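> Sequence and computational prediction follow.
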Amino acid sequence: MPSLSYKSGFVDAVENISFTPDGKGFYARDNSGRSIKYSDLNTAKEVIQSKEKIVAMDVSHDGNKIAGVTDDGNLYVWDTKNNYEMSTYKMPTTRLTGLSFSPDGLLIIVGNEGGRLWITRGGVVTKELTGHTSAIEEIKYNHEGKFMATASKDKTIRMWNMSKLSQPPTLLSEHDWVWGMAFSPDDEQIMAGIHSVQETTVGKVDYTIHSFPTKIKTMANLLCGFVKRNMNAEEWETYAGELKYEKTCENYPANNNK
C-alpha cells in the first residue's frame, strides 16, 4: 500500500491524527503545533495556521468542528463547514495540555499542566473536575458517552461517570506512566499503553498494554477467577454498606449467614 510522507506536505512531527466521519480523509497537527493539515489520503494541504503552538487537538464526531488548545491558555474552535472560521475562548489558566469533544459535540473537556479539568459548553466553563495533580496527558470518552477517562503525568487513570460528576472518579491505575489509551469497541475495557516506572529486572522497565474493566459485571467476572468464596455478611456490611446482599460470584454459594 502506498504511504504518505514528508514529500506529501507534512512538516516535522505529525500528531493527533483524526479521521473524518466518511473515512475519506484525516486531520493532523504538524510543524511543531503551528499547523493543522487535511489529507485526502493522497495529498495534504494546510487548513489552519497558528501563531501559537497548538499542543493538542480533537475533531468532533460529526467532523464539523476542530478544537485546539495552547500553552497560552486559549481554546480555539474552527468551523470546518465555514472555511475554518475560528472562535477563541480563554481558559482559567495557561499551559493547557489536552482536550476532547464529547460524542454529541456539545461539550469540550480541557485539561491543563496542573491536572485541572474543565467542562466547557460554547467556550464557557460549566464545571471543574479535580483529583489529578499533574499534567493531563489524554482525555477519552467511551462510545456511549456515559463515561470519560483521563490520564495524567501523576501516573493515574481516572474514570468519570458523566451523569454523577459529584461523586469521586474511579481510580484505575496509580503507579505507571500512561502513554496512550482507548476504550474497547464494546466499552467493556480501557486499553492503556504503559511505561512502568518500576524496574522489573536490573536496568529494565516494562512497556506493556494493560486492560482495565470498566463495568461492574465485567470486573466481577474477572475477580471471581481469583477468589475462593463470596463475601460473608459481615464483610458485605463493611464494604457494601446498605446495599442488599448479592451473590456476586455465581460459581460459589451465598455466604450471608450470620
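All right, it came through fine. Numbering: from 1, shown residues only.
> can you map out the strands along the stretch 1-150 of the chain?
Along the stretch 1-150 of the chain, counting by DSSP state E, counting those that start in this stretch, strands occupy 15-19, 26-30, 35-39, 44-49, 54-59, 65-70, 74-79, 85-90, 96-101, 107-112, 117-121, 124-129, 136-141, 147-152.
> okay if I get those as TSV plus mean neighbour count, distance to residue 171 and mean pLDDT?
Where you see a C-beta, it was placed from the backbone N, CA and C, and this is true even at glycine. Below are the strands of the stretch 1-150 of the chain laid out as TSV (neighbours: other C-beta atoms under 10 Å; distance: least, C-beta to C-beta, whole Å; pLDDT from 0 to 100):
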stretch	mean neighbour count	distance to residue 171	mean pLDDT
strand 15-19	16	27	91
strand 26-30	21	30	95
strand 35-39	21	34	96
strand 44-49	15	36	95
strand 54-59	22	23	96
strand 65-70	24	25	97
strand 74-79	18	27	98
strand 85-90	13	30	97
strand 96-101	23	18	96
strand 107-112	24	17	96
strand 117-121	19	15	97
strand 124-129	12	14	96
strand 136-141	22	15	94
strand 147-152	25	11	94
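> Next, format the ones you listed as JSON lines and append distance to residue 243.
Shown next, in JSON lines, are the strands of the stretch 1-150 of the chain (distance: least, C-beta to C-beta, whole Å):
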{"stretch": "strand 15-19", "distance to residue 243": "41"}
{"stretch": "strand 26-30", "distance to residue 243": "46"}
{"stretch": "strand 35-39", "distance to residue 243": "49"}
{"stretch": "strand 44-49", "distance to residue 243": "51"}
{"stretch": "strand 54-59", "distance to residue 243": "38"}
{"stretch": "strand 65-70", "distance to residue 243": "40"}
{"stretch": "strand 74-79", "distance to residue 243": "41"}
{"stretch": "strand 85-90", "distance to residue 243": "42"}
{"stretch": "strand 96-101", "distance to residue 243": "33"}
{"stretch": "strand 107-112", "distance to residue 243": "31"}
{"stretch": "strand 117-121", "distance to residue 243": "29"}
{"stretch": "strand 124-129", "distance to residue 243": "26"}
{"stretch": "strand 136-141", "distance to residue 243": "28"}
{"stretch": "strand 147-152", "distance to residue 243": "21"}
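> any idea whether residue 237 is helix, strand or coil?
helix (DSSP: H, G, I helix; E, B strand; the rest coil).
> going forward, begin numbering at 32 instead of 1
Sure thing, new numbering starts at 32, so read that last one as residue 268.
> burial measure for it, as a count.
15 (other C-beta atoms under 10 Å).
> try residue 258
With other C-beta under 10 Å as criterion, residue 258 counts 12.
> Could I get the contacting residues of it?
280, 283 (C-beta atoms under 8 Å, 6 or more residues apart in numbering).
> what's the spacing between it and residue 288?
Between residue 258 and residue 288 the distance is 18 Å, computed by C-beta to C-beta, to the nearest Å.
> cool, residue 166 as well?
Taken as C-beta to C-beta, the span from residue 166 to residue 288 is 51 Å.
> out of these two, which sits in the more crowded spot?
Shown here are residue 166 and residue 288; by other C-beta under 10 Å, residue 166 has more neighbours (19 against 6).
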